[in-house]
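Q: okay, structure incoming, though there's no sequence with it:
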Ligand SMILES: Nc1ncnc2c1ncn2[C@@H]1O[C@H](COP(=O)(O)OP(=O)(O)OP(=O)(O)O)[C@@H](O)[C@H]1O
Ligand SMILES: [Mg+2]
C-alpha cells in the first residue's frame, strides 16, 4: 500500500485556487523531491497535507496510510505519523522546547497505545535523538523557536521529527537558512531516519540538498501542477536550465 | 489624629460623599452602583469553607472575624508579632491609605478586624504568613484592615487569600497598609477567589524606605465586580517596587486594577507586569499611573499590560499614564490586547497536540511570564494549580 496517495488534488487559499490537480504517490521507503518556482504552490501542498485550516481542499482525494485525510484533523494526521517541517517554523513564547516536545511525544504515544514517558525516560530519548540530530542544550531549554536564528529553527524542526519518528516527513525548504555544516548535520539526520517503512517529501530550491538526501523521484511543480517527474538527474537539469520552459509557456 | 478620631471622620466622610460614580475620572469604566445600591448585613456565622494552608503560619478570618481556632501562629520567632489589628496598635495605621477614596473611608469607619504583622529590625522571616479570609454569609459586608510592617533590614512574605462560597453575594472591602523600612523586604501576594457573585475591593498601599523592596503579585479569579487599587510610595533612594498581576475572568466578571507608582526620590525602580485572560463577556480595566517627581532622577520604571481575549464578547480598557517631571529617567510602558494565536495552535497540532490541550498550553504560556516572577515556592505552586484549574474550566 502506498504511504501517501494524492489524486487530482485541488486547493485554494483565501478563495484563490493554488493547487490545480496534483497527482503523486509515495511508497514506503521512498524519498520524493519537489522543486518549483516561488509561489508555485509547494508550501500550499504541504499545508493542505498537514491539515492547515487556512487552506481549503476543493477537489480530489488524499490517502495517508490508506486513510482519507479529510477525516482527520491536523493533530490526528500528526498522530497517525505525518510530520511537516515548516518552511517558517513558528515562535511560541512561554513554552519551553522540552515541555513542548514532551507533550508532543506523549500525544503521539497515547495514540499508538504506548505508555506516557516520564521525565527520566523522556530525557533518555532526548539524549538518544541528539545523536541523530545534534542540537544545543540551551535551544532545548528555551521557548519554542523564540529568538532562534533561521538555521536553529530549521534544525529544531528536524530534531522534532527525529523525536516523533513519523511515517512521512514533509520537509518544506528545510535547507534554506542552513549553513554548510548545519546542512550536513540535518541531512545526515534525515538519512539516519530513512527506513523501508518511512517516506519523505522534500521540498527544495537547491540541487545541493539532494546531493546529501538523494531522492528516488523528483517532481517539478509549476502553477499548482506537476509538470514533470523524473529521477534524481532531473534536479541537475533544473539547476542548469531553470523553470523557463514551463513558466514561459504559461505566460507568467 | 488618633485612630478613633480618624474613624469618626471617615464615617462622616463616607456618609457625606458616598460611592464614586462613573463621572469620576478614576471610576470611568467601573460602575459600582450595584454595591452602592445594596444593603449589607453584619450577620456572622462559623464558616463552612475549607482552605489549603500554604505553610506553617496561617491567620484565618471567618466571615470577617479572626478565628484563633482555625489559625496557627503560635510559635513565632522573636521579633515577629502577628495578631488582630483590633488588639495591637501602631500609630501609623490609617496614615497611609488614601482618605479621599470612598472605599478606604468606608473601611476606616467600619473595619471589624484584620491582620497585624510586624517584623522588627533585622529579623528575616523565612516562613510565609498565609492570611485566609473565608466568606460564606450571603448579604454581608466584610471590611478588613491589614497592617504590615517590616523594620530596617527585616524581611517578610505575606499571602492574602480571599475565598468565598459559590453563589453568595457579599461585599469584601479591604485596606492593607505596608510599611517597609530602610533595607527591608515585603514580598506580598494576593489571591482573590471570591464567589462569582461577590464584590471585592482592596486598597493596598506601600511605603518604601531607602534600599527597600516591596513586591506584590495580585492573582484575581473571583468576584462579579472588583477592583485593586495599588499604590507604591517610593520615599527612600534605591527602593524597588514590583507590582505584578494576573487576572483570569469569565462570564460577566468585571475587574479593575488601578496602580499608582509615586517616585518621589532618585534612583528607584518600579516594575509592573500585568497579564489578563478574558473569556465570555468579561471585562477588565487596567490603569497604571507612574508619577516621577522633579527630584526623582535616575528613575527606572517599566510597565506592561498584556491581554488575551478568548471570546469576542470580552473587553479590556488599558490606560498607561506617565507623568514625568524629572529629566534623567528610564520609563517604558506597553499594552497589548490580542486573541489566541491560530498559527501557534496549528503548529502545536502538527506535532500531535490536540486543540484543547494546545489552547491550554498557549494560554498558560501567556500567564506564565507573571508566574515566573513569583519567588515564594508554596505560593507559586498554589497559583499554578489555580491557573491550570481555571484554564481547564474555560477550555472549549
Ligand atoms: N494566506 C494566503 N493568502 C493569499 N494568498 C496566499 C496565502 N498563502 C499563500 N498564498 C499564495 O499562494 C501562492 C502559493 O504559495 P506557496 O507558499 O504555496 O508557494 P511556494 O511554492 O511554497 O513558494 P516559495 O518557493 O516561495 O516558498 C502564492 O502566490 C502565495 O502568494
Ligand atoms: Mg514555500
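A: Nice, thanks for sending it over. If you're wondering where the values come from, they're calculated on a predicted model, not measured in any experiment. Ligands and ions are numbered 1, 2, ... in the order given.
Q: how about whichever strand or helix holds residue B:247 against chain A, any contact?
A: Assigned by DSSP states H and E, residue B:247 falls within strand B:240-249. No. Under the criterion of C-beta under 8 Å from any C-beta of the partner chain, chain A is not reached by strand B:240-249; the shortest gap measures 12.8 Å. For every residue, glycine as well, the C-beta is placed using N, CA and C.
Q: the helix or strand following that strand packs against which elements?
A: Once the chain leaves strand B:240-249, the next helix or strand it forms, by DSSP H and E, is strand B:254-263. With contacts taken as 3 or more C-beta pairs under 8 Å, 6 or more residues apart in numbering or on different chains; DSSP states H and E, strand B:254-263 sits against strand B:213-220, strand B:225-234, strand B:240-249, strand B:269-278, strand B:283-292, strand B:299-309.
Q: with distance to residue A:64 as added columns, please give those in a markdown table.
A: Formatted as a markdown table, the helices and strands packed on strand B:254-263 follow (distance: least, C-beta to C-beta, whole Å):
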| stretch | distance to residue A:64 |
| --- | --- |
| strand B:213-220 | 45 |
| strand B:225-234 | 51 |
| strand B:240-249 | 39 |
| strand B:269-278 | 36 |
| strand B:283-292 | 44 |
| strand B:299-309 | 34 |
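Q: using TSV, lay out those strands together with mean pLDDT.
A: Below are these laid out as TSV (pLDDT from 0 to 100):
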stretch	mean pLDDT
strand B:213-220	98
strand B:225-234	98
strand B:240-249	98
strand B:269-278	98
strand B:283-292	97
strand B:299-309	97
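Q: of all those, which lies closest to ligand 1?
A: With C-beta to the nearest ligand atom as the criterion, ligand 1 lies closest to strand B:299-309 of the helices and strands packed on strand B:254-263, at 22.6 Å.
Q: quick one: strands adjacent to the closest one?
A: Strand B:299-309 sits in its sheet next to strand B:269-278 (parallel), strand B:329-339 (parallel), going by DSSP bridges.
Q: need the winner for burial among these.
A: strand B:269-278 (a mean of 23; mean count of other C-beta atoms under 10 Å in any protein chain shown).
Q: leaving out chain neighbours, which residue sits closest to the residue nearest to the spatial centre of chain B?
A: For chain B, residue B:218 is the residue whose C-alpha lies nearest the centre (C-alpha atoms, centre = their mean; 4.3 Å). Leaving aside its sequence neighbours, residue B:218 sits nearest to residue B:245 (C-beta to C-beta, 6 or more residues apart in numbering or on different chains; 4.0 Å).
Q: quick check: phi and psi at the closest residue to residue B:8 other than its chain neighbours.
A: The shortest distance from residue B:8 to any non-neighbouring residue, by C-beta to C-beta, 6+ apart, is to residue B:109 (8.0 Å). Main-chain dihedrals, residue B:109, degrees, to the nearest 10: phi -70, psi -40.
Q: residues contacting residue B:84?
A: By C-beta atoms under 8 Å, 6 or more residues apart in numbering or on different chains, the contact set of residue B:84 is B:66, B:113-116.
Q: can you list the buried residues in the helix or strand containing residue A:99?
A: According to DSSP H and E, residue A:99 maps onto helix A:97-111. Of all the residues in helix A:97-111, those buried under the rule 16 or more other C-beta atoms under 10 Å in any protein chain shown are A:97-109.
Q: and those residues near chain B, which?
A: Taking C-beta under 8 Å from any C-beta as the test, chain B is in contact with A:100, A:103-104, A:107-108 out of the buried residues of helix A:97-111.
Q: pLDDT weak spots in chain A?
A: A:248-252 (pLDDT under 70).
Q: is stretch A:228-240 positioned near ligand 1?
A: No. Stretch A:228-240 stays clear of ligand 1 (C-beta under 6 Å from any ligand atom), getting no nearer than 13.3 Å.
Q: show me what counts as buried in that stretch.
A: Applying 16+ other C-beta under 10 Å to stretch A:228-240 flags A:228, A:232, A:234-235, A:238 as buried.
Q: now tabulate the residues you listed in CSV and tack on secondary structure and distance to chain B.
A: CSV is the format used below for those (DSSP: H, G, I helix; E, B strand; the rest coil; distance: C-beta to the nearest C-beta, whole Å):
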residue, secondary structure, distance to chain B
A:228, strand, 29
A:232, coil, 28
A:234, helix, 29
A:235, helix, 27
A:238, helix, 29
